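**Q** Got a predicted structure plus its sequence, pasted below:
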Amino acid sequence: MASWNDYNDTRQNPNLIPKGTVAKVRLTIRPGGFDDPAQGWTGGYATRGSTGAVYLNGEFTVLEGPYARRKVFTLIGLHSPKGPDWGNMGRSFVRGMLNSARGLSDKDVSPQAQAARRITGFADLDGLEFAAKLDIGTDANGEEKNEIRMAVTPDHRDYAQVMGTGRTGHAPPAYAPPAQPAAPIPQGAFPAAPPAAGSDPRPAWAR
């Protein structure tokens, strides 16, 4: 029983989802109205910050389990004027999301797997459902927040249970590639907290 005299064992923010939790989530992209067709950034999904950094403003909703309907806000980095790191981390994260959503091992280099890792545009990511590993970071004000740094693929022991495939090991429904040739995955993802009033949500090195 918790004591009202001793607060040493009390978490600073009990509303956070515990670090390491694996959950099925759905990505919703909040359109920012910025396009750069040369980069494959179309449809008004991307957002361009005042310093020139470009990202997708993502909202991840937990779909099932004890944390269902909880939301985690993530900036999916496309470009930083500071260098390629943000965009490269983003591309890796988007690749993981596609692997998870489409039931692919990251080691699968078959033609079918390569086709499943291509998208025609950011609209293909909007509404994507996949297994994610929740983490805890800090926002621009130093406050703790949940964030998503990686997707969980079929190689992970919890994937089948989280994605609802049971013990049979069946993958999600087979991915059907688009009729038209798809473009390579645009640059993509670095997790961050939702913008706080008067604060810059990007990592310091990406500003």
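**A** Noted; the coordinates are in hand.
**Q** Local confidence estimate at the residue nearest the centre of the chain?
**A** In the chain, the C-alpha nearest the mean C-alpha coordinate belongs to Ile148, at 5.7 Å (CA atoms, centre = their mean). At Ile148, the model reports a pLDDT of 95.
**Q** need the contact list for it.
**A** Val25, Phe60, Val72, Thr74, Ala132, Lys133, Leu134, Asp135, Pro191 (CB atoms under 8 Å, 6 or more residues apart in numbering). In short, each C-beta sits where N, CA and C put it, glycine included.
**Q** Where is pLDDT lowest across those?
**A** Minimum confidence in the contacts of Ile148 sits at Pro191, scoring 40.
**Q** Can you pull out the low-pLDDT segments for this protein?
**A** The model of the chain has pLDDT under 70 over residues 1-4, 7-12, 165-207.
**Q** Longest helix in it, please.
**A** Assignment by DSSP state H gives helix 85-101 as the longest helix of the chain.
**Q** Just give me the neighbour total for Gly77.
**A** 27 (other CB atoms under 10 Å).
**Q** right, and it touches Ala53 too?
**A** Yes: with contact defined as CB atoms under 8 Å, Gly77 counts as touching Ala53 (7.3 Å).
**Q** Which residue ranges of this protein form helices?
**A** Counting by DSSP H, the helices of the chain are 85-101, 111-116, 159-162.
**Q** between those helices, which one is nearest to Asp124?
**A** Proximity to Asp124, assessed across those by CB to CB, is greatest for helix 85-101 (8.7 Å).
**Q** CA-only coordinates of the closest one, as PDB, when you get a sec.
**A** Taking C-alpha atoms only, helix 85-101 is exported to PDB below (Å, rounded to 0.1, in the frame of the first residue of the first chain):
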ATOM      1  CA  ASP A  85      21.200  12.000 -39.900                       C
ATOM      2  CA  TRP A  86      17.600  12.900 -39.200                       C
ATOM      3  CA  GLY A  87      16.500  11.900 -42.700                       C
ATOM      4  CA  ASN A  88      18.400   8.600 -42.500                       C
ATOM      5  CA  MET A  89      16.900   7.700 -39.100                       C
ATOM      6  CA  GLY A  90      13.500   8.500 -40.600                       C
ATOM      7  CA  ARG A  91      14.000   6.200 -43.600                       C
ATOM      8  CA  SER A  92      15.100   3.400 -41.300                       C
ATOM      9  CA  PHE A  93      12.000   3.900 -39.100                       C
ATOM     10  CA  VAL A  94       9.600   4.000 -42.200                       C
ATOM     11  CA  ARG A  95      11.300   0.800 -43.500                       C
ATOM     12  CA  GLY A  96      10.600  -0.800 -40.100                       C
ATOM     13  CA  MET A  97       6.900   0.400 -40.200                       C
ATOM     14  CA  LEU A  98       6.400  -1.200 -43.600                       C
ATOM     15  CA  ASN A  99       8.100  -4.400 -42.600                       C
ATOM     16  CA  SER A 100       5.900  -4.600 -39.500                       C
ATOM     17  CA  ALA A 101       2.600  -3.700 -41.300                       C
END
